[in-house]
Each structure stands twice: as C-alpha cells, then as structure tokens.
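> what follows is a protein structure lacking sequence information:
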C-alpha cells in the first residue's frame, strides 16, 4: 500500500526510487509488473498517468490504440524502439512521443538495462488554456523552513 | 532547434540526457533555463507538459495557482521541498504531487544535486475514460526489425 499525503488542494505519494518500481504490480486489466497508475491514487480528474519500469529485452505483448485519449510517452532512462502504425524509430533517455488516439502503438526494450518511462493520457482537444495562460503568479511571501 | 520526427499519428522529439536539459531555455513568459515545453513542439491538444532540470539550492521565485488546469509534478531525480498553501513536505526521486487549480504551489531544490521533474497540466474534470477503458488491444502481428 502506498501512503498518501493529502491536503485541501493536493494529493502526493512517494513511489520510491525508479529502480524499485519493478516491485509494483497491477492485476487488472492484465497482470503487469513495474507499473503504477496514478489516476485513482491521486484522484486525478484530467489525466491518467503511469510511472513504469520495463525490463531488458522485452516487447510490449500487443499493439494498442485509443478511443478519445491522446497519449504521451516520456522516456526517462534506458533505450528501446517505438513503433506507430508501420514506422519504427529508436527511443532513449529524453525521447518524448505523442501518439494520436487512432495510432497503433507498441514499443520494446532491446537493451540490457531497464527502460523507465512515464505515460500520460488525456482527452484529445480538451485543453483550453496552456500552462502559461492558465497560470497566475501570486503576490505571496516565500517562506521556507530553515 | 529540436528536430521532430513525425507521422500521421505521432510526433516525437529527442530532448537528450537529463543532465543536458539545462542547456534548454525559454524566453516567455519569464526567462528560464532547463525547461522544455512540449505542447507546441509535439502539437499536444490535451495537455501542456514540461521536462525540467532545476539547479541546486534554488527556490521557484514565486507561488502560483491555476485557473482551470490540474497540475501534476513527477520528480524523477534529486531532492527538495514542495509547498501547497501552508503545508510543506519533502519530495525526492519518485515523489508525485497533484495540485488542484486553486492550490498555491511552490517548490525548492535544497540539495547539492540537480532536481529533475516532469510537470503536466490538463483541464480539471476533462477525462471521460481512463487508460484502461479508453484503450483497445489490436490483433496485429508484432514485427520488430532484426
């Protein structure tokens, strides 16, 4: 069980070091290790997010597409290959891939190290205001504990 | 200039190693180093995302809140502290913080190492179907180049 910190305007969890992500597992809709979904855990209402460790020399076991959600893969460590429809390209630390709902997607880790990535999905065309225009800087004194 | 790979259903970029993120800079709305926004780069329509390197012993220079977007911070390496409204808590590799639009938020890196994080924002209550229910597994042969 992952312990949650919570306040009126936030929820937070500590998932631990990336190398320990492999100890997490899910049972539904398929059994998988090394995957933590954040939607229910943090009560997200705008996106589903998973933080993932993917083992060496392993391919996702299926292609998949989406109905209405755009998907973004952010690879934070490791190396592999990504395929969308009939195109294959290399990915590594710092690679970021956006896939439209209809795209058939699959990836693999073809290296000797774990592949770590964050996957975010949110409803296509749902963003009204991007970061800068939706944000408001507050005139509030900055106070950090000493 | 970051080179983009693109196809009918995807856009992808390689941002490079996390330790090189500090070479990226933005001019608007404030000058900042170590930050790459992905919205325009990848033509995202559901979320704004930034990938960030934040230097040692540095605080964000202001508190901010949002109008309609929920925000998620995923800390992928380093240590620091996060403040929402009047609560302060420690964050480190593997910490994930969701902040509701109205929350006054600020964080700092109070360590000797860079703090790396991904920040995602999307419109509160915009998600109709979460990952599993929106996804569809495809009956398509898996073929990887040898």
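That came through fine. Just so it is clear, the model here is predicted, and its values are computed rather than measured.
> and the contacts of the helix-or-strand element of chain A with minimal mean pLDDT?
The helix or strand of chain A with the poorest confidence is helix A:131-134; it has a mean of 82 (mean pLDDT, DSSP states H and E). Outside of helix A:131-134, the residues within contact range by CB atoms under 8 Å, 6 or more residues apart in numbering or on different chains are A:128, B:28-29, B:37, B:39, B:48, B:50, B:66-69, B:119, B:121. C-beta here means a position set from N, CA and C on the backbone, and glycine is covered the same way.
> ok, the closest residue to residue A:105 other than its chain neighbours - contacts?
Leaving aside its sequence neighbours, residue A:105 sits nearest to residue A:99 (CB to CB, 6 or more residues apart in numbering or on different chains; 5.0 Å). Listed by CB under 8 Å, 6+ apart, the contact partners of residue A:99 are A:66, A:70, A:71, A:72, A:73, A:84, A:105, B:9, B:10.
> before we move on, the earlier item: next SSE downstream of the least confident helix or strand of chain A?
strand A:135-138 (DSSP states H and E).
> next, the buried residues of that next one.
residue A:135 (16 or more other CB atoms under 10 Å in any protein chain shown).
> name the helices or strands packed onto it?
strand B:63-66 (3 or more CB pairs under 8 Å, 6 or more residues apart in numbering or on different chains; DSSP states H and E).
> now the strand it packs on: mean pLDDT?
Strand B:63-66 carries an average pLDDT of 97.
> show the subsequent helix or strand relative to it.
Beyond strand B:63-66 on the C-terminal side, the first helix or strand identified by DSSP H and E is strand B:69-77.
> next up, the contacts around residue A:64.
So residue A:64 contacts A:104, A:105, A:106, B:135, B:136, B:137, B:138 (CB under 8 Å, 6+ apart).
> residue B:73 versus residue A:97, what's the distance?
For residue A:97, the distance to residue B:73 equals 21 Å [CB to CB, to the nearest Å].
> the more surrounded of the two?
residue A:97 (25 against 21; other CB atoms under 10 Å in any protein chain shown).
> was I right about the more buried one contacting residue B:14?
No: counting by CB atoms under 8 Å, residue A:97 does not reach residue B:14; the two are 9.9 Å apart.
> which neighbours do these two have in common?
residue A:91.
> ok, for residue A:73, nearest residue in space, not its chain neighbours?
residue A:97 (4.6 Å).
> then residue A:130?
residue B:48 (4.4 Å).
> specify the beta-bridge partners of the one you found.
With DSSP bridges as the criterion, residue B:48 is bridged to residue B:121.
> is the one helix or strand residue A:41 maps to positioned near chain B?
According to DSSP H and E, residue A:41 maps onto helix A:39-42. Yes: contact of helix A:39-42 with chain B (CB under 8 Å from any CB of the partner chain) involves A:39, A:42.
> number of nearby residues for residue A:30?
The number of residues packed near residue A:30 is 11, by other CB under 10 Å.
> got it, and residue A:110?
16.
> name all residues that make contact with it.
Counted by CB under 8 Å, 6+ apart, residue A:110 has contacts A:57, A:79, A:80, A:81, B:144.
> what of residue A:100?
Residue A:100 makes contact with A:70, A:124, B:8, B:9, B:10, according to CB under 8 Å, 6+ apart.
> now it. Its backbone dihedrals?
Main-chain dihedrals, residue A:100, degrees, to the nearest 10: phi -70, psi 160.
> roughly how far apart are it and residue B:46?
In terms of CB to CB, residue A:100 sits 10 Å off from residue B:46.
> and for these two, which residues touch both?
Contacts common to residue A:100 and residue B:46, judged by CB under 8 Å, 6+ apart, are A:70, A:124.
> quick one on the thing from earlier: name the nearest of the contacts of residue A:64 relative to residue A:1.
residue B:135 (25.8 Å; CB to CB).
> tell me, how many residues neighbour residue A:52?
23.
> and it, helix, strand or coil?
Put simply, residue A:52 is strand when judged by DSSP: H, G, I helix; E, B strand; the rest coil.
> who are the neighbours in contact with it?
Counted by CB under 8 Å, 6+ apart, residue A:52 has contacts A:21, A:34, A:35, A:36, A:116, A:117, A:118, A:119.
> would JSON lines of those with neighbour count be doable?
Converted to JSON lines, the contacts of residue A:52 look like this (neighbours: other CB atoms under 10 Å in any protein chain shown):
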{"residue": "A:21", "neighbour count": "20"}
{"residue": "A:34", "neighbour count": "22"}
{"residue": "A:35", "neighbour count": "17"}
{"residue": "A:36", "neighbour count": "20"}
{"residue": "A:116", "neighbour count": "21"}
{"residue": "A:117", "neighbour count": "23"}
{"residue": "A:118", "neighbour count": "23"}
{"residue": "A:119", "neighbour count": "19"}
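> lovely, talk soon.
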